[in-house]
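S.K.: how would this look folded up:
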Amino acid sequence: MTLIKDAAKLVNFSRIHSSTRATVERLQHGLDVAIALCLGLIPSFHLLALQLAMVFVLISALLRGRQIFTNLPHFGWPHVMLLQFILYFLLNTWLYPSLEGNLPHLRRVAFESYGMTLLGFAVIWVYLGRGHDVMASFQSWAPVGLFLSFCVMSYFVFGPQGTRARAFSTNALVPPMWYLVLTLICFCDFNAMAYRVKLMRIALLGTAAVMCLYSGGRMILLIWLLCTIILAAHVLRSQRQGTSSFKDIALVFGALVVGLFVLYVFDAVSGRTLAIRFAYTFEKLWENGLTSETFYRIEIWSAALEVIKQSLPFGSGHVNERLLIHGIITRDWWFAAHQTYLSYLIAGGWIALASGIIFQCAGCQLFHRGTLPAALGIVLVPALNGLTDSVFQSFFAVQLYMLLLLFILHGQNRGVPAVPEPSA
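M.R.: As a prediction, this is how the structure comes out:
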């Protein structure tokens, strides 16, 4: 009789345990969806969306309970390449004092930001230890978040902020860059997607171009065009098993011409922001050549190069960049170098430049069949945009790049599955 009661208790405990485990799994899945939606909302909601995504990552990691440090994911060279950058610039902030006349809080903010980035790396690492492929949820739900971001940005463009709107971001050039990065990542395993999902991805790429129009960003629009051509060639080669006919090339070229015409019409309807900026650029180039009157960045780059000449080979410190440039040029704003690689040289000379390039190359292994779209987004877009903007001088950009790359690498190691039809 006692044996029967013990067996009954054991069965009842097993049912409770199974029920609890199923509840936790459902909650984990819900958190994965929330993280993917937050990532899609980042172009419009900026830091708020990233912080919310990290809160969900932390909650999901803590739900693992006693297994929190078991089955941690593979640690390879790309992860070392990410960590060395965070540790170097944390050390850079400590070694280089803030110069007289600098804003007093910058050094403290840098310490806090790089410290939180290091903590974020650890939290994401634990979160990925579940063994679940987070990219499956990303592929299904991040596009939903991106479309919502596009709607929010459209509201600000045609509403309170007007042309060159930035929504909740720091400047107008941030949303289109990260929108394009996230959109390209969503194209992974494109040929295995259902037809309706493929159409959604193509529509998403079109909205990425409109986001470039909203910002008036000339460079990011050219990057979008380049990535679209490479992406189209990649998709065609994958479908044709490595061969492309003249008909395919003509089709892609025709689609691009039609797409650019639609963008021109849309820009004309929405205020001609980009057309005016391109016309102004060509007019000034004709009148003045390649001078600071044509591109104000040339003046900033000249000042940055002057700072670099005075500070090589070890640089002047990450937190002093704006102060040193402001001491040379006479403008109201405290500008960064507006060029990622010049910013590295100012921060720490040749060592910082090497660290930054290694950091940005951490995703280079993605340049192979299947994950080429992710490589375009996470490697090529920031690298090219960094030619005219100090992308990774932003702590936000460093943290988002790290999170996205860790997710993609984890999905690659597990093998990215075919993307199902979205439920919403």
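
S.K.: how near is Leu312 to Pro176?
M.R.: The gap separating Leu312 from Pro176 is 34 Å, by Cβ to Cβ, to the nearest Å. (Glycine included, C-beta is placed from N, CA and C.)

S.K.: the more surrounded of the two?
M.R.: Neighbour count, other Cβ atoms under 10 Å: between Leu312 and Pro176, Pro176 has more, with 28 against 13.

S.K.: can you tell me the SS state at the residue nearest to that one when sequence neighbours are not counted?
M.R.: Leaving aside its sequence neighbours, Pro176 sits nearest to Met211 (Cβ to Cβ, 6 or more residues apart in numbering; 4.2 Å). Applying DSSP: H, G, I helix; E, B strand; the rest coil to Met211 yields a three-state assignment of helix.

S.K.: just the pLDDT at Met211, thanks.
M.R.: The score at Met211 is 90. That number is its pLDDT.

S.K.: make residue 1 into 78 and carry on from there
M.R.: From this message on, residue numbering opens at 78, which makes the last subject Met288.

S.K.: hang on, isn't it packed against Phe227?
M.R.: Yes - taking contacts as Cβ atoms under 8 Å, Met288 lies within contact range of Phe227: 6.7 Å.

S.K.: what's the overlap in contacts for those two?
M.R.: In terms of Cβ atoms under 8 Å, 6 or more residues apart in numbering, Met288 and Phe227 are both contacted by the residues Tyr256.

S.K.: so which helix or strand takes in His445?
M.R.: Assigned by DSSP states H and E, His445 belongs to no helix or strand.

S.K.: quick check: the gap between it and Phe146.
M.R.: His445 is 32 Å from Phe146, by Cβ to Cβ.

S.K.: contacts for stretch 415-425?
M.R.: 165-166, 169, 173, 374, 377-378, 381-382, 384-385, 388-389, 391-395, 397-398, 401-402, 413-414, 429-430, 432-434, 459, 463-470.

S.K.: just the ones of the residues you listed in strands?
M.R.: Among these, no member falls in strands (DSSP state E).

S.K.: low-confidence regions, the protein specifically.
M.R.: 78-96, 207-208, 317-333, 335-372, 407-410, 446-447, 490-501 (pLDDT under 70).

S.K.: same thing but at 80, please
M.R.: 78-99, 141-151, 207-210, 238-241, 293-294, 314-374, 407-412, 445-447, 488-501 (pLDDT under 80).

S.K.: which ones are touching the closest residue in space to Arg184 that isn't next to it in sequence?
M.R.: What sits nearest to Arg184 in space, not counting adjacent residues and going by Cβ to Cβ, 6+ apart, is Ser175, at 4.6 Å. Going by Cβ under 8 Å, 6+ apart, Ser175 touches 181, 183-184, 394, 396-397.

S.K.: from those residues, which two are the most distant?
M.R.: Pro181 and Gly394 (14.3 Å; Cβ to Cβ).

S.K.: and those two? which has more neighbours close in?
M.R.: Neighbour tally, Pro181 and Gly394, criterion other Cβ under 10 Å: the higher count belongs to Gly394, 25 against 7.
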